[in-house]
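Peer 1: A predicted structure for the sequence below; I have some questions about it.
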Amino acid sequence: MAKTGTVTFDNVSSHDPFVVPVACRTITIREQGAAGTTRYQVFAPSATDTGFTKLQGESTMLTAYPPGQLFQIGDIPAYFTVLDVASATFSFICE
């Protein structure tokens with residue numbers, strides 16, 4: 001079953017975790033709204049890994065590994081921080 005929702009990430013302290021809300025294979029996350037306003041960094045699979053910078057409006061897709069496996073409720077597959085604003089709201093879909 002797919003699940004949609006929103007999550008807010010900030011740049012205030014440590015990287016913000018994305019907590020999986022429902023068992024799923026893929027998660028797509030992008031800044032909410034028609035046009036992205038901020039660059040953001042993704043850290044995966046741990047908050048201490050090197051961040052990868054995404055540009056305004058770019059989405060991030062997370063896929064469970066190994067193939068055929070599912071993310072489980074409560075898993076944290078990645079961490080996020082925004083770069084150009086204090087905080088931003090992102091939409092997601094878990095499928």
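Peer 2: Happy to help now that I have it.
Peer 1: Now do the strands in this protein.
Peer 2: Remark: strands assigned in the chain by DSSP state E are 3-10, 16-18, 26-31, 40-43, 52-54, 60-63, 78-82, 87-94.
Peer 1: May I see those organised as a markdown table, with distance to residue 70, mean neighbour count and mean pLDDT added?
Peer 2: C-beta: built from backbone N, CA, C; applies to glycine. Formatted as a markdown table, the strands of the chain follow (distance: least, Cβ to Cβ, whole Å; neighbours: other Cβ atoms under 10 Å; pLDDT from 0 to 100):
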| stretch | distance to residue 70 | mean neighbour count | mean pLDDT |
| --- | --- | --- | --- |
| strand 3-10 | 12 | 14 | 94 |
| strand 16-18 | 15 | 20 | 97 |
| strand 26-31 | 10 | 19 | 95 |
| strand 40-43 | 20 | 20 | 96 |
| strand 52-54 | 23 | 14 | 96 |
| strand 60-63 | 11 | 16 | 97 |
| strand 78-82 | 16 | 22 | 96 |
| strand 87-94 | 10 | 18 | 94 |
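Peer 1: Give me the nearest residue to residue 49, chain neighbours excluded.
Peer 2: Counting by Cβ to Cβ, 6 or more residues apart in numbering, residue 43 is the residue found nearest to residue 49 once chain neighbours are left out, at 5.1 Å.
Peer 1: now residue 15
Peer 2: The shortest distance from residue 15 to any non-neighbouring residue, by Cβ to Cβ, 6+ apart, is to residue 79 (3.7 Å).
Peer 1: neighbouring contacts of stretch 71-86?
Peer 2: Stretch 71-86 is contacted from outside by 9-12, 15-25, 27, 29, 37-47, 51, 53, 60, 62, 64, 88, 90, 94, using Cβ atoms under 8 Å, 6 or more residues apart in numbering.
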